[in-house]
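Trainee: how would this look folded up:
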Amino acid sequence: MPIQKVLVVDDSKTELMFLTDLLQKKGMQVRTAENAEEAFRRLAEEKPDLILMDVVMPGQNGFQLTRSITRDPLYADVPIIMCTSKNQETDRVWGMRQGARGYITKPVDPAELQAKIDALN
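Mentor: Presented below is the predicted three-dimensional model:
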């Protein structure tokens, strides 16, 4: 099933705008959330086909939020790609252990992101 609806979770308005613009140009519908609480509200409103997740956010971080989402039977089938400035191998491994299906470091390379999305389709 092609990915149409994407939820972008990031506390940076700049990143939200950049990723939203990038995905909309590919014909995808984008919703955004700036923290874990807002992300769960968006999930309840409409289940996305993909979640792009920042790690460093106030309150619950992206690792914790990814773990919560992937362990929830309602959303366990929604793939999550981490998009973060945390570029250590240990961070990537930890993100994947929380249930992420991909891990990209910022600044996000549009071609790399598209390749990760294509791999999920």
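
Trainee: how far does the helix ranked longest in the chain sit from its chain's centre?
Mentor: Scanning the chain for the longest helix, with DSSP state H as the assignment, gives helix 13-25. Its chain's C-alpha centre and that of helix 13-25 lie 12 Å apart, by CA atoms, centre = their mean, to the nearest Å.

Trainee: got the CA coordinates for it in PDB?
Mentor: C-alpha atoms of helix 13-25 as PDB (Å, rounded to 0.1, in the frame of the first residue of the first chain):
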ATOM      1  CA  LYS A  13       8.900  24.600  13.400                       C
ATOM      2  CA  THR A  14      11.700  24.900  10.800                       C
ATOM      3  CA  GLU A  15      11.900  21.100  10.500                       C
ATOM      4  CA  LEU A  16       8.100  20.700  10.400                       C
ATOM      5  CA  MET A  17       8.000  23.200   7.500                       C
ATOM      6  CA  PHE A  18      10.900  21.600   5.700                       C
ATOM      7  CA  LEU A  19       9.600  18.000   6.000                       C
ATOM      8  CA  THR A  20       5.900  19.000   5.300                       C
ATOM      9  CA  ASP A  21       7.000  20.900   2.100                       C
ATOM     10  CA  LEU A  22       9.200  18.000   1.000                       C
ATOM     11  CA  LEU A  23       6.500  15.400   1.500                       C
ATOM     12  CA  GLN A  24       3.600  17.500   0.000                       C
ATOM     13  CA  LYS A  25       5.700  17.900  -3.200                       C
END
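
Trainee: what's it packed up against?
Mentor: Judged by 3 or more CB pairs under 8 Å, 6 or more residues apart in numbering; DSSP states H and E, helix 13-25 is in contact with strand 5-9, strand 29-33. (C-beta placed from N, C-alpha, C; glycine too.)

Trainee: each with direction, which strands does the first one pair with?
Mentor: The reference is to strand 5-9. strand 29-33 (parallel), strand 50-53 (parallel) (DSSP bridges).

Trainee: what residues sit buried inside the last one?
Mentor: The neighbour-count check on strand 50-53 (16 or more other CB atoms under 10 Å) flags L50, I51, L52, M53 as buried.
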